[in-house]
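Undergrad: coords please:
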Amino acid sequence: FQVKSENRKTIWNTEEVPEGSEFDDTWDPREQPEYQILFKQCVGTEDVFFGMSRKDPSTACCEDMVIKIKLPETKYADITLDIQDKVLDLRTPKKKLLLHLPYCVDSKNGKARFLSEEETLEVTLRVSRKFDFINFL
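TA: Prediction:
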């Protein structure tokens, strides 16, 4: 049995470390805020009334993921948000949220807005799945 290793002092390969584990901070005393994940899809009359496309109400047919995060007593300037393909990392002085997303997203083209009246951060991310170009043309 022979192990191929580039560096003999390496404990593990980078492929063995799960994505987002660099954000895990078990000793952080900040509490996790309330959040909900919603899904959006673009439909027209041909979808709703005639059923001409292959879309159905399931999350597999949704194009966008919307994450609503309750942040009471928080100012917009205090929010730090980092989005990777499968991880959302949010930090404020009082709250911390590390969320492993149910689908891969386009981390470069998301939108976030802070609704100060509702004290909610709304993050909209485009879901990126393989073969969507075949399913949703």
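Undergrad: Enumerate every residue touching Y35.
TA: The contact partners of Y35, by CB atoms under 8 Å, 6 or more residues apart in numbering, come to 67-70, 97, 99. For the C-beta atoms, the positions are set from N, CA and C on the backbone; glycine is no exception.
Undergrad: if you set the cut-off to 10 Å instead, what comes out?
TA: 67-71, 88, 90, 97, 99, 120-121, 123 (CB atoms under 10 Å, 6 or more residues apart in numbering).
Undergrad: Sort out which of the residues you listed are buried, if you could.
TA: 67-69, 71, 88, 90, 97, 99, 120-121, 123 (16 or more other CB atoms under 10 Å).
Undergrad: Of the residues you listed, which belong to strands?
TA: Using DSSP state E, the members of those that fall within strands are 67-69, 88, 90, 97, 99, 120-121, 123.
Undergrad: how about these in JSON lines, adding distance to D78?
TA: Output for those, formatted as JSON lines (distance: CB to CB, whole Å):
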{"residue": "I67", "distance to D78": "18"}
{"residue": "K68", "distance to D78": "18"}
{"residue": "I69", "distance to D78": "13"}
{"residue": "L88", "distance to D78": "17"}
{"residue": "L90", "distance to D78": "11"}
{"residue": "L97", "distance to D78": "14"}
{"residue": "L99", "distance to D78": "18"}
{"residue": "T120", "distance to D78": "14"}
{"residue": "L121", "distance to D78": "11"}
{"residue": "V123", "distance to D78": "16"}
